[in-house]
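# My questions are about this predicted structure, shown below with the sequence.
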Amino acid sequence: MTLCFKKSVLVLIAGGVLSCAVGLTGGACVGAAEVATATQTGAARRVIAADDSKRTLAAIAADGTVEWKRANGAIHDLHLLPNGHLLMQDGWTRIIELDKDRQKVWEYDAKQGENAKRPIEVHAFQRLPDGVTMIVESGPARILEVNRDGTIRKEIKLTVKNPSAHSDTRNARKTAAGTYLVAHEKDGVIREYEADGKLIWEFDVPLFGKAPTTNGDHGPKGFGNQAYSAVRLANGNTLIGTGNGHSVLEVTPQKEIVWKIEQNDLPGITLAWVTQVSRQPNGNTLLINCHAGAENPQIIEVSPDKKVVWTFKDFTTFGNSTTVAVVFDPAAEETK
């Protein structure tokens with residue numbers, strides 16, 4: 001007996017609610033004898049994730065077996081596109097699009113032109129509805145909109161107070177309103193920019209009266225406000241993954257925190273570096289728990305009243321630096 005997924009609808013961790021007709025399985029279905037590497041609590045679902053420490057990108061079936069995996073460079077963002085392709089990165093400057101058979105059909109290397117001789121890293125990108133790709137550069141501190149042929153359609157300069165080619169930015173998203181919502185890791189600030197680059201909103205990620213650690217500890221004992229992600233919700237609020245703040249915050253336009261998950265709010269789970277976050281159609285929140293150690297799940301779904309409804313853990317395929325994931329809706333999956 002083999003297991004393969006014919007139809008899946010993904011629920012965001014990587015950036016939005018999308019659907020695809022086949023998923024990214026190609027012809028690589030796995031046999032039932034394959035050893036399961038992942039464990040889940042709650043309704044089992046398919047996951048595509050990447051780990052920076054093991055340099056691995058892989059798809060895990062709902063039964064925990066590995067559908068496929070590939071060696072991969074540094075990665076801080078990942079998207080499943082409506083056509084079933086993956087938009088991802090393979091190293092800090094190389095953005096690639098893989099088709100359903102995991103063959104490269106598009107590539108953009110940010111280490112070119114004026115960037116060739118200066119420090120640059122990319123930690124955020126997004127395929128826009130018109131087919132243009134938004135790419136956010138740390139170092140040059142700018143947002144680019146890049147055409148399919150690699151030409152630059154638009155450039156927006158970012159406000160950065162503590163310049164760092166590694167951490168000017170983490171994830172960023174263009175909103176439905178056409179603004180740009182950017183997590184500035186080193187500054188500890190979420191900033192929103194108009195389409196013309198004008199800064200229109202800022203939220204300083206709070207330290208809640210605690211002193212940040214300075215020893216570089218990425219695990220549960222390290223603490224700071226090095227924000228990783230910010231997503232604009234349908235209600236106008238902003239959902240924030242606070243990085244080494246060990247938390248998820250929902251913030252109003254008036255900068256009031258109206259909902260949060262803190263480091264030890266979830267029974268039996270300790271949060272460390274909270275990376276990508278998303279709000280699901282059912283009101284639940286998905287978050288990635290990076291650098292938390294093998295005793296903790298890497299991906300978690302939480303209800304509005306902070307009940308854990310699903311977790312994912314795989315420290316065989318992935319490691320302690322799982323930063324990005326696409327999580328599929330189990331109700332939409334078909335097996336045979």
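Done, it's in.

# send the alpha carbons of whichever strand or helix holds residue 230 over as PDB?
Assessed by DSSP states H and E, residue 230 sits inside strand 229-232. Output of strand 229-232 as PDB, limited to C-alpha atoms (Å, rounded to 0.1, in the frame of the first residue of the first chain):
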ATOM      1  CA  SER A 229       7.300  38.000  11.800                       C
ATOM      2  CA  ALA A 230       4.300  40.200  11.500                       C
ATOM      3  CA  VAL A 231       1.000  39.400   9.700                       C
ATOM      4  CA  ARG A 232      -1.900  41.700   9.200                       C
END
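
# quick one: average confidence on that strand?
On average, the pLDDT along strand 229-232 is 98.

# Please apply the same query to stretch 235-243.
Over the span of stretch 235-243, the pLDDT mean works out to 98.

# got the buried residues for it?
Applying a neighbour-count criterion of 16 or more other CB atoms under 10 Å, one finds 237, 238, 239, 240, 241, 242, 243 buried in stretch 235-243. In short, each C-beta sits where N, CA and C put it, glycine included.

# swap in stretch 309-318?
310, 311, 312, 313, 314, 315, 317, 318.

# ditto for stretch 83-95
By 16+ other CB under 10 Å, the buried positions in stretch 83-95 come out as 84, 85, 86, 87, 88, 89, 90, 91, 92, 93, 94, 95.

# want to throw the residues you listed into TSV with secondary structure?
Shown next, in TSV, are the buried residues of stretch 83-95 (DSSP: H, G, I helix; E, B strand; the rest coil):
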residue	secondary structure
84	coil
85	coil
86	strand
87	strand
88	strand
89	strand
90	coil
91	coil
92	coil
93	coil
94	strand
95	strand
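
# Residue 65: which of the residues you listed is nearest?
residue 86 (19.4 Å; CB to CB).

# what's across from that closest one in the sheet?
Under the criterion DSSP bridges, residue 86 forms beta bridges with residue 80, residue 98.

# Can you name the residues that contact it?
24, 48, 78, 79, 80, 97, 98, 102 (CB atoms under 8 Å, 6 or more residues apart in numbering).

# what's the distance between residue 180 and residue 246?
Applying CB to CB, to the nearest Å, the value for residue 180 to residue 246 is 26 Å.

# same question, residue 157
31 Å.

# Likewise for residue 102?
From residue 102 over to residue 246 the distance is 34 Å, taken as CB to CB.

# Check the separation of the first and last residues in stretch 36-53.
Using CA to CA, to the nearest Å, the end-to-end distance of stretch 36-53 comes to 21 Å.

# Can you give the distance from that stretch to the centre of its chain?
15 Å (CA atoms, centre = their mean, to the nearest Å).

# now stretch 52-60
With CA atoms, centre = their mean as the basis, the mean position of stretch 52-60 lies at 14 Å from the chain mean.

# Mind listing residues that contact that stretch?
Contacts of stretch 52-60 (CB under 8 Å, 6+ apart): 24-25, 37-38, 46-50, 66-76, 78, 88, 312, 314, 317-323.

# now do 7 Å
Contact with stretch 52-60 is made by 24-25, 38, 46-50, 66-75, 88, 314, 317-321, 323, as judged by CB atoms under 7 Å, 6 or more residues apart in numbering.
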